[in-house]
Structure formats: structure tokens, C-alpha cells
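Engineer: Predicted model follows, preceded by the sequence.
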Amino acid sequence: CARHREEEEEEEKENENENDALFSRDVSVKATVASCAAACRILAFQTVPVLEASPAMASSATEESIVTTDGKNLFNGAGGCLGCHAAGGNILDAGKTLSLRDLTKNGMNGKEDVAEVISLGKNKMPGYGEQCVGKLKCTFAKRLTEKEIRDLSEFVWTTANNESEGVSWAKALK
């Protein structure tokens, strides 16, 4: 009986340790979500000056590079992306980063698919488009215009493709 009691006590201690670990993980996840939400709210109200191209630069720049610059400015500032997607990652879901591998694994096959997720949201990501509707599905921050969403999706898709060729998100965001 004494040995059986000792085994039960040991098992109870193990269960308490597991419960403590689960509680700690749950608190950590909730804190991360709260931090992300706060960062998104703060970043959404910040503005980043849009880079202006000189006439000489504009004549030599392609339409794509101008769009990518606008998308980069949105990603880093008013779009609010950086709060959850720093360095192309995803602080809420590690399997849904902005790497080309993860994007395609999760059904993103082009900038149009990326634009749809930015606009309407999907899973844990809120929608940022003007046409997004639904409680808790859309951002509470300023909504993005269709042009801003196109610019942002172009930047994300181009950067993801460049990353697969060895150019990091960190470098792209500088």
C-alpha cells in the first residue's frame, strides 16, 4: 500500500508539472498575441514618408520597382505588417511565414492570392481591405485601399521569390 501511495503521489507531481508547463505556455501565447495586437495598433497609426523618385530615377525605374517601394513602405509602416511579420516571419503561426515555401504550401500561388488574404483576412490574420466585413475578422485600424493592397502584395510576393534566390527579408526591409 505504501509503495502504491508513493507511485500515486509521484504521478500527481508529474501531472502538476505538466499542468504548470501548459499554463505557462498558454500565458506565453496570450502575451504574444496581446503584444502583436498592440504592435499592429501602434504601427497602423504611424506614417512612413513615401520615397519620392527624382525625374532621372523615375525615367529609369520600372513600374514594378516603384510598386515594390510603395509596398515596402506600407509593410514597414502604415500597413501594420511588421508587428506580426518581422523578417518575413509570423509570430502567431510559425508555419505561415512569408517565405515562398510557406506561402505556396498554404495556397498562395501568386500576388493575387496574397492580396486576397491581406484584403479579407484568413485564419488568425485580420483583413485590412476596405471591403472586409465581419466582427473580429477585420482590423480595427485604418483600412488599406485597393492600390495599397496591390502594392503590398507585390512587395510580399516579390520578396518571397527573391528570398528563394538568396535575398533575405531583413535585407529587403532595409
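Structural biologist: Alright, I've got the coordinates. As the structure is a computational prediction, the values presented were derived from the model and not from experiment.
Engineer: Could you use CA atoms for every contact and neighbour count after this?
Structural biologist: OK.
Engineer: Which secondary structure element of the protein has the lowest mean pLDDT?
Structural biologist: None of the helices or strands of the chain scores lower by mean pLDDT, DSSP states H and E than helix 55-60, at a mean of 42.
Engineer: Give me the pLDDT value at the nearest residue to residue 151 once chain neighbours are set aside.
Structural biologist: Leaving aside its chain neighbours, residue 151 sits nearest to residue 71 (4.5 Å; criterion: Cα to Cα, 6 or more residues apart in numbering). On the pLDDT scale, residue 71 is placed at 87.
Engineer: got the contact list for residue 71?
Structural biologist: Taking Cα atoms under 8 Å, 6 or more residues apart in numbering, we find residue 71 in contact with 148, 150, 151, 152, 153, 154, 155, 156.
Engineer: Next up, identify which helix or strand the second one is on.
Structural biologist: So the one you mean is residue 150. Element membership for residue 150, per DSSP states H and E: helix 146-163.
Engineer: what's the model's confidence in that helix, averaged?
Structural biologist: Averaging pLDDT along helix 146-163 gives 91.
Engineer: And stretch 106-121, by the same measure?
Structural biologist: pLDDT averaged over stretch 106-121 gives 93.
Engineer: Contacts for that stretch next, please.
Structural biologist: 96, 103, 125-133, 137-138, 144, 149-150, 152-154, 156-157.
Engineer: For that stretch, list every residue counted as buried.
Structural biologist: 108, 110, 111, 113, 114, 115, 116, 117, 118, 119, 120, 121 (16 or more other Cα atoms under 10 Å).
Engineer: same thing with stretch 161-174?
Structural biologist: 161, 162, 163, 168, 169, 172, 173.
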